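>>> build me a structure from this.
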Amino acid sequence: MSSEVIGRFEQVLRFASTRGIAEVHIKPGQRPLYRRSGALISRKDEATFSEADLDEVAHGLVPGAWLPQWSVGGDVTFAHGVVGCGRFRVTLFRQRGAVGIVVHVVPPKAQALRELNLPKVLGSWALLPRGLVILAGPPGSGRSTTWQALIEHINTVAANPRHIVTVEDPVEVLFDDKMAFIRQRELHTDTADIASALGHIARMDCDVVAIGDLPPEHVESAITLAEQGRLVLAVVAGGPPVEWLKQTLARLEPARREPFRQRLAAQLKAVSYQKLVPTADGKARVPAMETMTLTPPMTDVLRGAGDVSALQPLIDQGRGAGCQTLDQHLVDLAHAGTIAVDQALLASEQPDVLRNRIAGVTVAVPMQAIGKVDDLPF
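Numbering: from 1, shown residues only. You can find the predicted model right below:
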């Protein structure tokens, strides 16, 4: 890779890491786009990259373990570090024959739960001695940041040292050992695949298994690890707690659902679902979260043969037991003036219902909608 091309590419990453940028999007012939506070924006007069430039960037960045997949036209995601700047998660793909790049800016360290304004109950989840904790949400919802904060909570608050093994694709935030002894394993670099990683964890004498992206077909493996006496913290792609349970059960053959429900009921301790919502001033985003901390009545519902939809009223009524609905949290954020009412309604899974609950809240100044790429106001 030429020094000029690598210099320009790394300058883009340095700029992003110092200006609160979450993602960078690069394609041939267009100025890099930066996602900040949920909006896509660009820098005036910034130079573009040609197709040849991006070919050189890809050739220089792809790690050896990923070269075979990239060379046959596959998409790849890997971690990349820039000296004196930080770490980035890089996704390379091809569009219309040309290289496309999406870069996620990795925070320099895991944030604390309080820094993220997350519900306090999450701290108690992180200190559970065993069981399964699920962190659900759509891509880009901050699930990984919450997951990292739970690991750091164990690392800084746990009364006794704990051995944590992570399974990540790729490794993003690097943890320093404090109250925990942490091993971070990267798929395709440290282990062949997630099945192999989860299969060997049983031999690693760990107390906590932290899975950065748990595919639906491996949920049973996570339950097995919890059954062996470990705390399992797993990020999944999915909807709110009841919806995630429905989706998970629907993937199983009917004959397997009953034994699966019994095992899950015995091990599941908590499920969260989150979205990121723009603040009222439009300068940042905050997490809005639905939490389900399993109570004995909830466990009974899960263990039974009935519809898991019966859990939703228990979540609605369980704020004193570590539960809250997404709408309840949105109302709290709107009442506090943290988010605008219109943004709360956009984030709600049931905006018509929320509209009645939120009546009377003073409307904060909403973030101005950005309908086109604009110049970055720095």
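
>>> measure Ile358 to Ala334 for me?
6 Å (CB to CB, to the nearest Å). Any C-beta I mention is one placed from the backbone N, CA and C, and that applies to glycine too.

>>> who touches both of these two?
Taking CB atoms under 8 Å, 6 or more residues apart in numbering as the contact rule, Ile358 and Ala334 both touch 341, 344.

>>> out of these two, which sits in the busier spot?
Using other CB atoms under 10 Å, the more surrounded residue of Ile358 and Ala334 is Ala334, with 26 against 19.

>>> hang on, isn't Phe9 packed against Val57?
Yes - using CB atoms under 8 Å, Phe9 is in contact with Val57, at 5.3 Å.

>>> please report phi then psi for Arg285.
In terms of degrees, to the nearest 10, the main-chain angles of Arg285 are phi -130, psi 150.

>>> what ranges does the stretch 51-200 of the chain have for its strands?
76-82, 86-95, 98-105, 131-137, 162-168, 180-186 (DSSP state E, counting those that start in this stretch).

>>> let me know which of those strands is tucked in deepest.
The highest mean neighbour count among the strands of the stretch 51-200 of the chain, using mean count of other CB atoms under 10 Å, belongs to strand 131-137: a mean of 25.

>>> list the contacts of that strand.
Under the contact criterion CB under 8 Å, 6+ apart, strand 131-137 has outside partners 125-126, 143, 146-147, 150, 222-223, 226, 231-241, 244, 264, 267-275.

>>> what is the mean pLDDT for that strand?
For strand 131-137, mean pLDDT rounds to 98.

>>> partner strands of that strand, parallel or antiparallel?
Here strand 131-137 has these sheet partners by DSSP bridges: strand 231-237 (parallel), strand 268-278 (parallel).

>>> ok, and for the first one, which residues are buried?
Buried positions in strand 231-237, judged by neighbour count with 16 or more other CB atoms under 10 Å: 231-237.

>>> looking at those, which is nearest Glu217?
Among the buried residues of strand 231-237, Val236 lies closest to Glu217 (CB to CB), at 11.5 Å.

>>> identify the bridge partners of that closest one.
Val236 forms beta bridges with Ala136, as assigned by DSSP bridges.

>>> can I get stretch 154-161 in PDB, CA atoms only?
Only the C-alpha atoms of stretch 154-161 are listed here, as PDB (Å, rounded to 0.1, in the frame of the first residue of the first chain):
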ATOM      1  CA  ILE A 154     -17.300  -7.700  37.100                       C
ATOM      2  CA  ASN A 155     -13.700  -6.600  36.500                       C
ATOM      3  CA  THR A 156     -14.000  -3.600  38.900                       C
ATOM      4  CA  VAL A 157     -16.800  -4.500  41.400                       C
ATOM      5  CA  ALA A 158     -16.800  -8.200  42.000                       C
ATOM      6  CA  ALA A 159     -16.000  -9.200  45.600                       C
ATOM      7  CA  ASN A 160     -13.900 -12.200  44.500                       C
ATOM      8  CA  PRO A 161     -11.700 -12.600  41.400                       C
END
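
>>> distance from it to the middle of the chain?
Remark: stretch 154-161 is offset 22 Å from the chain centroid, using CA atoms, centre = their mean, to the nearest Å.

>>> which residues of this structure score low on pLDDT?
1-2, 360-378 (pLDDT under 70).

>>> ok, Lys120 - how many residues close by?
For Lys120, using other CB under 10 Å, the count is 9.

>>> mind listing what it touches?
Here Lys120 is in contact with Leu113 (criterion: CB under 8 Å, 6+ apart).

>>> confirm Ile223 sits in a helix?
Yes - according to DSSP: H, G, I helix; E, B strand; the rest coil, Ile223 belongs to a helix.

>>> from what I can see it touches Gln262, true?
No - between Ile223 and Gln262 there is no contact, the gap being 10.4 Å when judged by CB under 8 Å.

>>> got any residues that touch both of Phe9 and Val57?
Phe49.

>>> related to what we said a few turns ago, between Ile223 and Gln262, which one's more packed in?
Shown here are Ile223 and Gln262; by other CB under 10 Å, Ile223 has more neighbours (19 against 13).

>>> separation between that one and Pro215?
Here Ile223 is placed at a distance of 14 Å from Pro215 (CB to CB).

>>> and if you look at Leu122?
Counting by CB to CB, the gap from Leu122 to Pro215 is 23 Å.
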